[in-house]
Structure formats: C-alpha cells, structure tokens
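Peer 1: What shape does this take:
(chains A and B)
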There are 2 protein chains.
Amino acid sequence: MAERIGTYTLKFTERPSIIGNAAVVGKTEGEGPLKDYFDRIFEDDTLGQKSFEKAESALQMEAVTLALQKAKKKPEDMQYILGGDLLNQCIGTSFALRDLKIPFLGLYGACSTMALSLGLAGILTDSKAANLVIAETSSHFCSAERQFRLPLEYGGQRTPTAQRTATAAGASIVSAEHVPQRPCLEAVTFGRIQDLGIKDANNMGAAMAPAAAETIANFLNDTKTLPSDYDLILTGDLGKVGTELLQELLLKDYHIDIKDRHNDCGLLLFDCEAQDVHAGGSGCGCAASVFNSYIMQKLLKGELSKVLLVATGALMSPTSSLQGESIPGIAHAVLVSKPDIVQ
Amino acid sequence: MAERIGTYTLKFTERPSIIGNAAVVGKTEGEGPLKDYFDRIFEDDTLGQKSFEKAESALQMEAVTLALQKAKKKPEDMQYILGGDLLNQCIGTSFALRDLKIPFLGLYGACSTMALSLGLAGILTDSKAANLVIAETSSHFCSAERQFRLPLEYGGQRTPTAQRTATAAGASIVSAEHVPQRPCLEAVTFGRIQDLGIKDANNMGAAMAPAAAETIANFLNDTKTLPSDYDLILTGDLGKVGTELLQELLLKDYHIDIKDRHNDCGLLLFDCEAQDVHAGGSGCGCAASVFNSYIMQKLLKGELSKVLLVATGALMSPTSSLQGESIPGIAHAVLVSKPDIVQ
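Peer 2: Numbers count the residues shown, from 1 in each chain, chains lettered A, B, ... in the order given. Now for the predicted structure:
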C-alpha cells in the first residue's frame, strides 16, 4: 500500500516490478547514440500507414505488443492500460489501443506522460487495485511538427533552442507482485503546474525547467535524501537549454547541486551536433523510449541502482500560444531501482 | 482498500465521501430544466475573458473554487487534482489550474472525464494514497464548436442527431475519510474502447452507446446485481439517439433491460425541443454539471439512493474524422450512494 512521505511523495511499500518493457523508434532515433538499445527501429517513419497520425498509433501499438511479449503476458491479463500522447484529443493513443480490449485510462501530461502513467501504475498495483497494468506513451516527429509548428513541406528553419520531437514509443508492464529479478518502482512525486512566463514555443526546455526543479526538490525534501543517494536523476526532455536552467534553478532557489548526477533523455536520445537536432529531443516518446531501453537495461544489469525519472511536460497548445499565453510546465518523478537479484 | 470484484470492477471498501461539489454553467444551460440546481449561472458566456478558451478555464476554476469553499477546504489541503477537457492539449484545464498549486494529474477521457476522474479519485483515497482529491472537468459550447465543427460566425446548420456541447464545469472533492452525512463512492468500472464503425461526428451518441452498454453490462455482471438494484443508471451524454441505441443494445446483446432505470445527462440538462438543442447535451461539462448539481442534491436529500454514473466519451479528433476514421467510444462507471445519515 502506498505510504505518504512528506507532503508530495508516495512510497510504494510493495515495490511493484516492471516485468516487461519495450521501446521502438524511427529512423533518426535509430541512428543516434542509443541505437543498440531499442527493441525495434523503423526505417520508414510512416510505418506503412497512410498518415503520420496512424503511423504514431502503429508505433505505440508495437511498443505495447513487444512489452507484453517480453513479459510473457497477453492483453487479457492486464487490468488497465494507462497512456496518452501529444496529438489533439490523444488520437495517437485511442486509435492504437482500440483493438486491445483492455480497460483504458486516458492521460494527458504532454511529454511527462511516461512518468505520469508509470506513477499511476505504481499506485494501482501497489494498492492491489490491479495486478497488472501497462504504462505507455508515444510521439512522432511528423505528426507533432505539422500540428504544433509548421507543415513539413514548408521546410521551416528551426531556432537553436528548438527541440526535435522524437518518433518513439515506450511501454512498461507493471506488476503488483514484486519480482526480485526485475527493476521495481519505489516512489512517485506528482508535480504541480509551474509557469514563469516563458512564451516561446521553440524554447520548451526553459518553460519546463522550473517544474522539474520543484518536483526534484520536493522529492529530495520528502525523502530526506541527497542527489548523491541516486545514480541518476534523469529529466524527460529539457534539452540543452532546459538542462542548464534546471541545474541553475536548483542551485539558486533550492541549494541543491545535481550536476554530477543529472542527465536528460532529450540529450541522450540524439547526438545533437552530429544529428543536427539543435537543443535535443522532446515529445512523450523521448522519455518513454530512453527509459524503456537504455535505462531499463542498465538497471537490469545493475550498472545503475537507483534512477529518478523526472519526465517533464509543456501544457500549452498552438491556440494558447497564438492567444499570447505563456507555457505552463509540469514534471512528475518516479523512483525506479535495480532488481534485488541482478543476473 | 479497493477490492476487485469480477473482472472489471473495483469496490471501495472505505467508501470515500464526496465532501464538496459544485456545478457552474452558461446562459443556455441556466435556462434549462436544471436551472435551480446550479451553483452559478453565467449570463455572459465569455465570463469577461478575451477568448472562449480562457472563458472555459475561468468556468472550470469557478467550479473548483466553489467546491472547495463548500467543502470548507483550501487548495493546500488537497493532495491531487484530477481533470481534463476537450480542448487540444487540454488547455482548458492546464490554464485553469495553473495558479492552484495542487499536484496535477492530467486526464483525457473526452466526455467521460467526470467518471474517469471520480473513479481515480476513489482509488487514490480508498487506498489512502491521498486524503483529499479534486475530480473535475469542463466544456464550453463556443470553444468546442470552433475546434470540432465550424466557426460560430459561419452559422452552420446542425443535423437532427447533433448534440450541443454544454458550457459547464463540475467539481467534486473526494475524501478518504467516510463522512456519514455525505454521498460516497462505492465502486468503479473503467471501460474498454469500443468502435463499431460510426464515422459521423454529428452522431456521437451512436458512437458512444456500445461502450456504455459494455461498461454497464460489465458492472452488473461483476457485482451480480440487476438494474432494479439502482435508482438510476445515468449515462453521460448519449442524447436522444444514443439513449435509444444503448437501451436496444443492452437488451439485444446482453439481455439487460434498463429502460425504467435509465436517464442521460444530455437529456436532463436541456429541454431539447424548447431549447432547440437537437439530440441533447454533450461535452465533459454535461455529465460533470448534472452530476454535481441535480444528482448530488437528490442523493443528499435521500431522494436517490444508488446512482450509477456512466460518463461516455468519443475518442476522435477532427483530424481522425478527416482521415476517414471511425469514432472509438469509451464509458466509465462510478457507483455513488446517498449519505448514511440523510438530513
């Protein structure tokens, strides 16, 4: 049963295990530094579908299907599936999951969705409300680009602070039963909306950094721990700009130095210089694919012991930006630890 | 602690109470049959805001603020707020809640959001993961109309099967502590996505009816109860067309007759003929405002004992419709009962 520690954090006393996980990506992501860690790389970003939206659904379905296979489970074994995406009305998710026939809890956390779904999956399993739950999400460069920015055909210039939406999906199968050979969920800190007035939709790292700073500070404060108690504090997709801001904000406002423990999924997914992706990766699929490939494999091997995944989301829309609104940010943190028995 | 009964249903053993609730609506809703039950009616649908999207945020904030006041609680007493809306990237919600500083779990369930948020609030409180949680949602006729259909200025004709998106918001404060003088949550059945191939976005009742039928059948089957065990089975917003289809589907496919126990929020909110709203009300705010006004007051007075709220959602977007896709539907059911001590 989840136990509240401090003001914002829930500790999972049963330590639910991630018994299966998968990450699938597009061509560019599959040419990046993590290429050897993904379950599948699609050379054709359309995945043979007639639209980029349908391609995103296919990508998400592939991640869920592979995660189920790797956990040796079937859809009917699952009590719930928790997911969402960036597309209007989350159609990437609803059309992906239509045929799965698993009770569906739709989420919207923008790029924070992997931590939001994983944290809720932790609560559902830890409280025995469910035995098995899927937490998952996706994003697609082409569907996001035309929805949030410009049609691809326009060939618009990207600013140096802009990030590239990952064509990627990730899924984790969370089990109420603690399996000592698998990584497990230890705690969750859900974040509060932060808005310091950033209005530039090409600088989302800056908009999300204050939310990440607060959530990390709340987690460390609630758990009475230090950054050095963790192998890695892994933000979702702050990219280059947001990463610098986060480290600065934490030092200035909270006197917390995370520099030697911090990395960002948006910086891990791409080689920013060589791949010309400017400030790094973004999108729900960024944290989802990095966590469900590289990070999970490092945990499984015992090369990482304790990872605080802090996925971040920018809760704006093109409409709110056109109406002159700033960008509210959010960040949710999930503590994941290596298996009790590393094999 | 939530206890699983049957395949799809969770029973709340601690029976979390709804200690505060509020419903606020726009002018047309405030002229309808439920006008005496709302906490506030806004004569001006802009709420003095510069855009309809901002008006929707203001409406949602008003519902949350009033619900907190009525529960005699402050935002800082709340562990979580669960909400979402119909707007792209759920900006109605994120901009409404920005200043509340409550950890935020964003949901997307289209018009099923009230039951989705209430069901999750039930799990969070029943499992003691939280003491106090807000479940809430909103919709706005003008922001929805221009996003999903046509600009208002165009004056497009509406088909007879079309429903009117409610300008309305509703919020419930759910407490882990069972308060005998307040209505309480007894159980939740989260639904699976159903898609029988309806493609007409002006006939969403038909698209959602199969999902409602399955969720109601699953709930009754899991709980081994009959429709006559409940005072009211209240669907979200199937409207005239969907209501007929639901009753027919339940009879034909599941041999369940709900006719004398069933009503629909979309039919309760408006006088369809006199108010010229065609097939009835829809939108996240429809179920949210009807439940948090009329239904909660009937429960409080003991005039209703057991109500199964089955909010329904159509998980499409204008993009998926343009791409020739059908409309996936979903329905979540929450069982709410009258106070132990009716005053």
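
Peer 1: Which residues of the stretch 151-300 of chain A lie near chain B?
Peer 2: In this structure, the stretch 151-300 of chain A approaches chain B at residues A:Phe190, A:Gly191, A:Arg192, A:Ile193, A:Asp195, judged by CB under 8 Å from any CB of the partner chain. For the C-beta atoms, the positions are set from N, CA and C on the backbone; glycine is no exception.

Peer 1: would you turn those residues into CSV with neighbour count, secondary structure and pLDDT?
Peer 2: CSV is the format used below for those (neighbours: other CB atoms under 10 Å in any protein chain shown; DSSP: H, G, I helix; E, B strand; the rest coil; pLDDT from 0 to 100):
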residue, neighbour count, secondary structure, pLDDT
A:Phe190, 29, coil, 98
A:Gly191, 30, coil, 98
A:Arg192, 20, coil, 98
A:Ile193, 26, coil, 98
A:Asp195, 20, coil, 95
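
Peer 1: List just the nearest of these to B:Met316.
Peer 2: A:Ile193 (27.2 Å; CB to CB).

Peer 1: pretty sure the closest one is touching B:Gly106, no?
Peer 2: No: if you go by CB atoms under 8 Å, A:Ile193 and B:Gly106 don't touch, sitting 9.4 Å apart.

Peer 1: Please name the residues that touch the residue nearest to A:Gln89 when sequence neighbours are not counted.
Peer 2: Among residues not flanking A:Gln89 along the chain, B:Ser317 sits closest, at 3.8 Å (CB to CB, 6 or more residues apart in numbering or on different chains). Listed by CB atoms under 8 Å, 6 or more residues apart in numbering or on different chains, the contact set of B:Ser317 reads A:Leu87, A:Asn88, A:Gln89, A:Ile91.

Peer 1: where along the stretch 151-300 of chain A do the helices fall?
Peer 2: Taking DSSP state H, counting those that start in this stretch to define them, one finds helices in the stretch 151-300 of chain A at A:204-223, A:239-254, A:265-269, A:284-290, A:296-300.

Peer 1: picking that back up, list the residues that contact both of A:Ile193 and B:Gly106?
Peer 2: Joint contacts of A:Ile193 and B:Gly106 (CB under 8 Å, 6+ apart) are A:Leu315, A:Ile330, B:Ser94.

Peer 1: List the residues that contact the first one.
Peer 2: In other words, A:Leu315. Per CB under 8 Å, 6+ apart, neighbours of A:Leu315: A:Ala110, A:Ile193, A:Ile327, A:Pro328, A:Gly329, A:Ile330, B:Gln89, B:Cys90, B:Ile91, B:Ser94, B:Gly106.

Peer 1: Could you point out which of these is nearest to B:Ala58?
Peer 2: Among the contacts of A:Leu315, and counting by CB to CB, the member closest to B:Ala58 is B:Ile91, at 12.6 Å.

Peer 1: now that closest one: how far from A:Ile102?
Peer 2: Separation of B:Ile91 from A:Ile102 (CB to CB, to the nearest Å): 28 Å.

Peer 1: and the residue of the stretch 101-250 of chain A found nearest chain B, what pLDDT?
Peer 2: The stretch 101-250 of chain A approaches chain B most closely through A:Ser127 (3.4 Å), counting by CB to the nearest CB. pLDDT recorded at A:Ser127 is 96.

Peer 1: ditto for the one 3 residues further on
Peer 2: The pLDDT attached to A:Ala130 in the predicted structure is 98.

Peer 1: What sits closest to it if chain neighbours are left out?
Peer 2: Here the residue nearest A:Ala130, using CB to CB, 6+ apart, is A:Gln79, at 3.7 Å.

Peer 1: For that neighbour, give me its contacts.
Peer 2: A:Ile102, A:Pro103, A:Leu124, A:Ala129, A:Ala130, A:Asn131, A:Leu132, A:Val133, B:Arg4.
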